[in-house]
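J.: Take this sequence and fold it.
(one chain, ligands or ions: 1)
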Amino acid sequence: MQVPFSRPYLRGDEGAAVAETIATGWVSQGPRVREFEAAFAERVGAHDAVATTNCTTALQLALYVSGIGPGDEVIVPSMSFIATANSVWQNGAEPVFADVDPRTYNLDPDSAERAISSRTKAIMPVHQLGLPADMDAFLELGERYGLAIVEDAACAIGASYRGRPIGSLGPLACFSLHPRKVITTGEGGMIAVEDPDVAERLRRLRQHAMDVSDLARHGAKDVVIESYPERGWNQRMTDMQATLGLCQLQALDEILEQRARLAARYTAALEHIPYLEPPFEPDYAQRTWQSYAVRLTPDAPLARNELMRRLLRDGVPTRRGVMAIHEERSYAAAAADLPHTEAATRESLMLPLFAGLTDEEQDHVIDCLAAHVGAVAA
Ligand SMILES: Cc1ncc(COP(=O)(O)O)c(C=O)c1O
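T.: All right, here's what the predicted structure looks like:
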């Protein structure tokens with residue numbers, strides 16, 4: 001049996017909806033993007049939401065409106081996708097890596113606090129794999145040291161922290177709409193924004209800081225001569241993507257439910273498989289299960305990469321656990337003492353998990369794991 005690693009969840013009505021949008025003639029950023037932003041904001045409990053081309057550009061813009069620029073430092077976890085650090089660099093600032101909590105794999109507030117220097121301007125907690133970071137601690141740190149808090153919520157649409165949705169907690173939270181995420185627009189990003197003035201500035205910055213949107217100009221009854229009071233970028237989402245996003249939002253609860261059910265099945269099965277630890281589940285958070293990462297204990301009879309190789313031969317693709325950015329050549333110059341990050345990235349791997357994965361496919365994954373690592377009698 002060949003099991004897919006991941007697949008977007010599409011219900012079949014998306015093509016007709018996108019075709020309808022194309023027929024309107026609005027194929028770049030127009031009314032559908034506005035509609036998607038409003039629906040997204042409502043879903044995550046934010047005052048407003050601003051669409052962009054992807055989560056990396058969302059993070060770059062969110063840092064920019066937080067005043068981050070050359071000479072500044074931003075504290076980030078090294079255990080994250082490299083986009084987290086790249087978005088800091090894209091603003092001319094320097095990412096400073098702090099360690100993760102060894103159980104949640106999320107940025108550890110104490111380690112982040114120790115990394116604060118006179119150049120620190122922001123902390124970027126990541127809700128890794130859709131598990132909320134300890135936001136109360138980070139918002140308190142931000143307040144105490146006068147630092148901006150920008151959330152990398154790439155995997156976290158639908159997650160909640162102490163009963164409140166991710167997107168409603170801090171000033172700026174950035175989501176990804178890549179196909180490997182919980183919902184998708186093909187490529188796409190969204191910034192949940194607390195302050196209405198910041199939202200309007202973000203809307204300008206994503207289209208070269210032009211002071212009038214295409215939508216507003218299209219409906220104007222008089223000639224509009226635009227101006228550019230500051231410099232900006234082109235990070236516009238298209239109306240086709242936004243239409244897909246609106247369809248995906250309708251499926252979000254169904255997707256989250258399926259993911260949670262499959263994750264619970266893995267966790268139950270792992271009770272009977274030695275050397276593999278299921279993800280830690282803190283009681284303060286409801287996660288999205290964007291990925292299911294297991295950890296191979298150091299006394300396991302085979303190494304992580306060998307297990308991945310054997311599983312692949314059985315038709316079970318896996319991925320290494322979340323990377324450690326400071327171990328990449330592109331960030332090798334960054335000083336870092338990150339024992340929890342290094343152990344967790346070395347010992348973890350992600351199993352297939354997506355809405356639409358069948359029980360039969362998942363049972364095959366579980367059987368293969370048990371065959372290679374050894375089963376314990378039930
Ligand atoms: C934690 C994290 N941050 C940022 C990104 C970047 O998202 P995008 O591909 O939408 O730019 C990703 C994507 O994998 C991610 O996992």
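J.: And residue 299, which helix or strand is it part of?
T.: Per DSSP states H and E, residue 299 falls between elements, in no helix or strand.
J.: and it, what does it touch?
T.: Counting by C-beta atoms under 8 Å, 6 or more residues apart in numbering, residue 299 touches residue 275. Bear in mind the C-beta positions are built from the backbone N, C-alpha and C, glycine included.
J.: With just CA atoms, put stretch 43-57 into PDB.
T.: Extracted in PDB, the C-alpha atoms of stretch 43-57 (Å, rounded to 0.1, in the frame of the first residue of the first chain):
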ATOM      1  CA  ARG A  43     -13.000  33.000  12.400                       C
ATOM      2  CA  VAL A  44      -9.900  33.800  14.400                       C
ATOM      3  CA  GLY A  45     -11.500  36.500  16.600                       C
ATOM      4  CA  ALA A  46      -9.300  39.300  15.200                       C
ATOM      5  CA  HIS A  47     -10.400  42.900  14.700                       C
ATOM      6  CA  ASP A  48      -9.200  42.700  11.100                       C
ATOM      7  CA  ALA A  49      -7.200  40.400   8.700                       C
ATOM      8  CA  VAL A  50      -4.900  41.400   5.800                       C
ATOM      9  CA  ALA A  51      -4.200  38.900   3.000                       C
ATOM     10  CA  THR A  52      -0.700  38.500   1.500                       C
ATOM     11  CA  THR A  53       1.100  36.200  -0.900                       C
ATOM     12  CA  ASN A  54       2.300  33.800   1.700                       C
ATOM     13  CA  CYS A  55       3.200  33.500   5.400                       C
ATOM     14  CA  THR A  56       6.800  34.600   4.900                       C
ATOM     15  CA  THR A  57       5.700  37.900   3.400                       C
END
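J.: Identify each buried residue in that stretch, please.
T.: Neighbour counts over stretch 43-57 (16 or more other C-beta atoms under 10 Å) mark 43-44, 46, 48-57 as buried.
J.: and the ligand, which of the residues you listed reach it?
T.: 54-56 (C-beta under 6 Å from any ligand atom).
J.: List the ones among the residues you listed that fall in helices.
T.: 55-56 (DSSP state H).
J.: Can you get me a residue count around residue 136?
T.: When neighbours are counted by other C-beta atoms under 10 Å, residue 136 registers 13.
J.: Might one say that it is in contact with residue 149?
T.: No: if you go by C-beta atoms under 8 Å, residue 136 and residue 149 don't touch, sitting 11.2 Å apart.
J.: how about the residues of the stretch 151-300 of the chain that lie near the ligand?
T.: Contact residues (C-beta under 6 Å from any ligand atom) of the stretch 151-300 of the chain with the ligand: 152, 154-155, 176, 178, 189.
J.: Name the helix or strand of the protein that has the lowest mean pLDDT.
T.: The weakest-scoring helix or strand in the chain, judged by mean pLDDT, DSSP states H and E, is helix 214-218 (a mean of 83).
J.: Find the nearest non-adjacent residue to residue 152, please.
T.: Among residues not flanking residue 152 along the chain, residue 126 sits closest, at 4.1 Å (C-beta to C-beta, 6 or more residues apart in numbering).
J.: In the chain, mark out all the helices, start to finish.
T.: Under DSSP H, the chain gives helices at 14-24, 31-44, 55-65, 83-89, 109-114, 135-145, 196-205, 214-218, 239-270, 304-313, 339-347, 359-373.
J.: So which other helices or strands are in contact with the fourth one?
T.: If I follow you right, that is helix 83-89. Applying 3 or more C-beta pairs under 8 Å, 6 or more residues apart in numbering; DSSP states H and E, one finds that helix 83-89 contacts helix 55-65, strand 73-77, strand 94-98.
J.: Which secondary structure elements does the last one sit against?
T.: What it means is strand 94-98. strand 73-77, helix 83-89, helix 109-114.
J.: Buried residues of that strand, list them for me.
T.: By 16+ other C-beta under 10 Å, the buried positions in strand 94-98 come out as 94-98.
J.: for those, which one is nearest the ligand?
T.: Proximity to the ligand was ranked across the buried residues of strand 94-98 by C-beta to the nearest ligand atom; first place goes to residue 95, at 12.4 Å.
J.: For this protein, list the residue farthest from the centre, please.
T.: Distance from the C-alpha centroid of the chain peaks at residue 222, with 42.0 Å (C-alpha atoms, centre = their mean).
J.: measure that residue to the ligand for me?
T.: Note on residue 222: its distance to the ligand, by C-beta to the nearest ligand atom, to the nearest Å, is 38 Å.
J.: what does residue 26 give?
T.: On the measure of C-beta to the nearest ligand atom, residue 26 and the ligand end up 23 Å apart.
J.: Let me know how buried that residue is, in neighbour terms.
T.: The number of residues packed near residue 26 is 20, by other C-beta under 10 Å.
J.: can you check residue 231 too?
T.: For residue 231, the count of nearby residues is 8 (other C-beta under 10 Å).
J.: From the ligand, how far off is it?
T.: According to C-beta to the nearest ligand atom, residue 231 and the ligand sit 22 Å apart.
J.: mind showing which ranges of this protein have poor pLDDT?
T.: Residues of the chain meeting the criterion pLDDT under 70: 375-378.
J.: The residue positioned nearest the centre of it: what's it in contact with?
T.: Most central in the chain under C-alpha atoms, centre = their mean is residue 154, positioned 1.4 Å from the mean C-alpha point. Each residue near residue 154 by C-beta under 8 Å, 6+ apart is listed here: 55, 81, 83, 126-127, 174-176, 178, 181.
J.: now do residue 284
T.: 132, 134, 161-162.
J.: related to what we said a few turns ago, among the buried residues of stretch 43-57, give me the pair with the biggest separation.
T.: Greatest spatial distance among those (C-beta to C-beta): 43 and 56, at 21.7 Å.
J.: Among the contacts of residue 284, filter down to the buried ones and hand me the ChimeraX syntax, if you would.
T.: In ChimeraX syntax, the buried subset of the contacts of residue 284 is picked out as below (16+ other C-beta under 10 Å):
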select :132,134,161
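J.: Which member of the contacts of residue 284 is positioned nearest the ligand?
T.: Nearest to the ligand out of these is residue 132 (C-beta to the nearest ligand atom; 12.8 Å).
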